[in-house]
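# starting from these lines, generate the structure:
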Amino acid sequence: MLAIGVLTSIWALPFLLAAPVYTRIVSRISAKPALVVGMLLDAGAVWLFPLVPYDWAWIILQIVTGAMLGHFSLVTEAWLNLFANEQTRARVTSLYGILPAIGYALGAGIYALVGYRGYAPFLAGSVAMALGVLPVLLIPRKAGDVVLGGEERLRHAFRRAPLLLTTALLAGILEMVPWSLMQVYAVANHWSTRVAGFALPVFYWGQVLLTFPLGWLADRAPRRRVLLGTSAAAIPCMVAMALLARSSGIWLVIFVTGGIATATYTLGLAILGHRFPTETLVSANAAFLACYGVGTIMGPPMVGALMDRYGSNALPTALGCVSALIFVCAAAASVEWRQPEGAIS
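Numbering: from 1, shown residues only. Below you'll find the predicted structure:
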């Protein structure tokens, strides 16, 4: 379980280590060309995985492909927050969380269709990435350009919004651990391999169907209070996951967990867009992503190791603790998240 956790999370390491470098690269060649080149390189690199089917090689390739797309979320999330207005920001960021989840759900179905042997699953992944370039090409270059800051502004974001960035780290754990280990959790609870294969699609559909209603609510109520509510709801949800692991009720728990996990990230992203002005927003987003990357990297290996040692219920226990910490951050951030940066003395 530890090896699975490492393999599925190590892709985020390049951005974690080199966030300021990505801001410089994108600012020099502009956002749109940087995004197109990175996506095309990644589509080609996917073909290397079946050539060297060893854990150590796949860890290296995950780092390489992660480096090729390290700027992807930086650019797309900056576009979202720059182009959204305050009245619709949470819904826009929720859509950003929903669309990848639809892709994951479809991808899981395609994976089941093409199988897991040979080149077929890698061909499917490569084609999907190449097709993703097409809508980027349709974006007018001027509309796609963003102004990026440097390391000074990254450090500034850590000083000005530590609780928000801590929430980003915890959101990375809350989202990536189920992605990496939910099916392992199912098998450990004596589900058949076939039934366990449905665990992630149900989690993804929770992301698809619940994230937007929570975003709609966050555009009408204080976003911090919505985050307080979702993190509080996650704690009994994790208790239910442990108690219902071998009953049909687990499907509802997995579905709700998917919505809460993604909403935590998208709510944090909406709060970021309100908290920082345009001239510092992109660099603040780089800090937010770096913290999210810490969570995605450390979460699956850590929880996988706990599951190896203490059993499958280490997963809901760990996620329950993470949810409690998110609640604490949101409760303590009443001043930090209330007003844009320039309004705070």
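# poorly predicted segments of this structure, please.
Within the chain, the segments meeting pLDDT under 70 span 1-9, 18-19, 105, 108-109, 111-112, 115-116, 141-154, 278-279, 339-345.
# swap in 50 and give it another go.
342-345 (pLDDT under 50).
# which helices and strands sit right next to the host helix or strand of residue 15?
According to DSSP states H and E, residue 15 maps onto helix 13-29. Applying 3 or more Cβ pairs under 8 Å, 6 or more residues apart in numbering; DSSP states H and E, we find helix 13-29 packed against helix 55-68, helix 72-83, helix 151-160, helix 278-310. Using the backbone N, CA and C atoms, a C-beta is placed for each residue, glycine as well.
# C-alpha coordinates for that helix, CSV please?
Extracted as CSV, the C-alpha positions of helix 13-29 are listed here (Å, rounded to 0.1, in the frame of the first residue of the first chain):
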residue,chain,number,x,y,z
LEU,A,13,6.9,16.7,-6.4
PRO,A,14,8.3,18.9,-9.3
PHE,A,15,5.8,21.8,-8.6
LEU,A,16,6.4,21.5,-4.9
LEU,A,17,10.1,22.0,-5.4
ALA,A,18,10.1,24.5,-8.3
ALA,A,19,7.0,26.7,-8.1
PRO,A,20,8.9,29.9,-8.5
VAL,A,21,10.7,28.5,-11.5
TYR,A,22,7.4,27.7,-13.2
THR,A,23,6.2,31.3,-12.7
ARG,A,24,9.3,32.6,-14.4
ILE,A,25,9.1,30.2,-17.3
VAL,A,26,5.4,30.9,-18.0
SER,A,27,6.0,34.7,-17.7
ARG,A,28,8.8,34.5,-20.4
ILE,A,29,7.0,32.5,-23.0
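# and it, how far out from the chain middle?
Offset of helix 13-29 from its chain centre (Cα atoms, centre = their mean, to the nearest Å): 18 Å.
# need the CA coordinates for the helix or strand that comes right after that helix. PDB is fine.
The element immediately downstream of helix 13-29 (helix or strand, assigned by DSSP H and E) is helix 31-45. Extracted in PDB, the C-alpha atoms of helix 31-45 (Å, rounded to 0.1, in the frame of the first residue of the first chain):
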ATOM      1  CA  ALA A  31       0.800  31.000 -20.600                       C
ATOM      2  CA  LYS A  32      -0.800  29.500 -23.700                       C
ATOM      3  CA  PRO A  33       2.300  28.200 -25.500                       C
ATOM      4  CA  ALA A  34       3.700  26.900 -22.200                       C
ATOM      5  CA  LEU A  35       0.500  25.000 -21.600                       C
ATOM      6  CA  VAL A  36       0.400  23.500 -25.200                       C
ATOM      7  CA  VAL A  37       4.000  22.400 -25.100                       C
ATOM      8  CA  GLY A  38       3.700  20.800 -21.700                       C
ATOM      9  CA  MET A  39       0.600  18.900 -22.600                       C
ATOM     10  CA  LEU A  40       2.000  17.500 -25.900                       C
ATOM     11  CA  LEU A  41       5.300  16.400 -24.200                       C
ATOM     12  CA  ASP A  42       3.200  14.700 -21.500                       C
ATOM     13  CA  ALA A  43       1.100  12.900 -24.200                       C
ATOM     14  CA  GLY A  44       4.300  11.500 -25.700                       C
ATOM     15  CA  ALA A  45       5.900  10.600 -22.400                       C
END
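# tell me the contacts of the residue nearest to residue 298 when sequence neighbours are not counted?
Excluding the flanking residues, the one nearest residue 298 by Cβ to Cβ, 6 or more residues apart in numbering is residue 173, at 7.1 Å. Counting by Cβ atoms under 8 Å, 6 or more residues apart in numbering, residue 173 touches 295, 296, 298, 299, 303, 318, 319, 322.
# residue 173: helix or strand, and which one exactly?
In this assignment (DSSP H and E), residue 173 forms part of helix 162-188.
# after that helix comes which helix or strand?
Going down the chain from helix 162-188, the next helix or strand is helix 193-196, by DSSP H and E.
# how about the CA coordinates for that following helix, as CSV?
Provided in CSV are the C-alpha atoms of helix 193-196 (Å, rounded to 0.1, in the frame of the first residue of the first chain):
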residue,chain,number,x,y,z
THR,A,193,-12.0,-7.0,-7.3
ARG,A,194,-14.9,-6.3,-9.7
VAL,A,195,-17.0,-4.6,-7.1
ALA,A,196,-14.0,-2.7,-5.7
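# next, the buried residues of that helix.
Neighbour counts over helix 193-196 (16 or more other Cβ atoms under 10 Å) mark residue 196 as buried.
# mind listing residues that contact whichever helix or strand comes after it?
Next along the chain after helix 193-196, taking DSSP H and E as the criterion, comes helix 199-218. Residues outside helix 199-218 that contact it (Cβ under 8 Å, 6+ apart) are 90-95, 97-98, 101-102, 104-105, 108-109, 178-179, 182-183, 185-186, 191, 226, 230, 251, 254-263, 266-267, 270.
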